[in-house]
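*Asks:* Based on what follows, work out the 3D shape:
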Amino acid sequence: MGTRILLVEDDEALFRGIQFTLQQEGFEPWGARTLEEAREAFRSRPFELILLDVQLPDGNGFEWCAEIRRSSDVPIIFLTASDQEIDIVRGLDLGGDDYITKPFRVREFLSRVHAVLRRRRPAIGKEGRMEIAGSLVHYPGEMRVEKEGRDLALSLTEYRLLALFLAHPRAVLSRDQIIRHVWPDGAEILDDNTVAVNIRRLREKIEDDPQVPRLITTIRGAGYRWNG
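*Replies:* Residues are numbered from 1 along each chain as shown. Prediction:
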């Protein structure tokens, strides 16, 4: 069985083209033309990736992404005709892992799909358990974090952000350093607010009191520091 991908796209011709491309690449695409169909498919079976159109007949893909991120870290790639910077930043801020504008070239599309899946899958030889701070436990080989024995639903962006801090304990990381590491393919379109939004979301999941953060502190004028 190939990698199961949920393709949410209401344009019939484009849907069939993407579906064929994914099948030829060895993936197992499942289709949905509306958000209602997408929600039903997502509830009924696990997926390793969601390809999500933004404008759908019964709603907005951005809103569903935000809904998913409240309980799941499944990778999400937005597919949209809009190449406006504000839309791209919004999609990434909401927890999207990539943003592909239509029309796109097939090889580039597949390359970016593979890149997101590759970042998501465990790295060979890095299995193990690592207590990182208080009740937080990190499983690098599984790209998974627990708090008080419960899995945290970190998005891929949030996990990469945490992994960056863990790799540089006590070091002050500037916003530019964080952007270059966490969003290497989109550094030119991101701003300081993108970093702040994702830091806030990560704090909400790992800090005992997000309003008084202990693990990730803000060093004004310099950046952020991991204190775990």
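
*Asks:* Look up how far Gly223 lies from the residue nearest to Trp226 when sequence neighbours are not counted.
*Replies:* Once flanking residues are discounted, Trp226 sits nearest to Phe165: 3.6 Å by Cβ to Cβ, 6 or more residues apart in numbering. Every residue, glycine included, has its C-beta placed from N, CA and C. Between Phe165 and Gly223 the computed distance is 11 Å (Cβ to Cβ, to the nearest Å).

*Asks:* any residues in contact with both of those two?
*Replies:* Both Phe165 and Gly223 are in contact with Leu173, where contact means Cβ atoms under 8 Å, 6 or more residues apart in numbering.

*Asks:* Pick out whichever of the two has more residues nearby.
*Replies:* Phe165 (23 against 17; other Cβ atoms under 10 Å).

*Asks:* And the contacts of the one helix or strand that one maps to?
*Replies:* Per DSSP states H and E, Phe165 falls inside helix 156-167. Residues external to helix 156-167 that are found in contact with it (Cβ under 8 Å, 6+ apart): 73, 75, 92, 95, 97, 116, 119-120, 132, 138, 140, 143, 145, 154, 173, 178, 181-183, 198-199, 201-202, 205-206, 216, 224, 226, 228.

*Asks:* Please narrow the residues you listed to those residing in strands.
*Replies:* Secondary structure assignment by DSSP state E places 132, 138, 145, 173, 216, 224, 226 of the contacts of helix 156-167 in strands.

*Asks:* List the contacts of the last one.
*Replies:* When you say that, I think you mean Trp226. Per Cβ under 8 Å, 6+ apart, neighbours of Trp226: 165-166, 168-171, 215-216.

*Asks:* Now rank the residues you listed by neighbours and give me the top one.
*Replies:* Once you tally neighbours by other Cβ under 10 Å, Phe165 ends up highest among the contacts of Trp226, having 23 neighbours.

*Asks:* Show the model's pLDDT score for the closest residue to Gly223 other than its chain neighbours.
*Replies:* With Cβ to Cβ, 6+ apart as the criterion, Gly223 has its nearest non-adjacent residue at 4.1 Å, and that residue is Ser174. Reading off the per-residue confidence, Ser174 sits at a pLDDT of 89.

*Asks:* now Leu110
*Replies:* Reading off the confidence values, Leu110 has pLDDT 90.

*Asks:* What is the burial count for Gln23?
*Replies:* The local packing of Gln23 (other Cβ under 10 Å) involves 12 other residues.

*Asks:* Surely it is in contact with Pro29?
*Replies:* Yes. Counting by Cβ atoms under 8 Å, a contact exists between Gln23 and Pro29, whose distance comes to 6.4 Å.

*Asks:* give me the low-pLDDT residue ranges for the chain?
*Replies:* 1-2, 120-128, 185-192 (pLDDT under 70).

*Asks:* where along it do the helices fall?
*Replies:* 12-24, 35-44, 61-69, 85-93, 106-120, 156-167, 175-182, 192-206 (DSSP state H).

*Asks:* Mind splitting the protein into its structural domains?
*Replies:* As recorded under automatic domain parsing, the domains making up the chain are 4-120, 130-226.

*Asks:* quick one: terminal-to-terminal distance for the last one?
*Replies:* Translated: domain 130-226. Between the start and the finish of domain 130-226 there is a gap of 16 Å, counting by Cα to Cα, to the nearest Å.

*Asks:* Ok, stretch 36-56 next?
*Replies:* Stretch 36-56 has an end-to-end distance of 10 Å (Cα to Cα).

*Asks:* How about stretch 56-72?
*Replies:* Between the opening and closing residues of stretch 56-72 we find a distance of 21 Å, counting by Cα to Cα.
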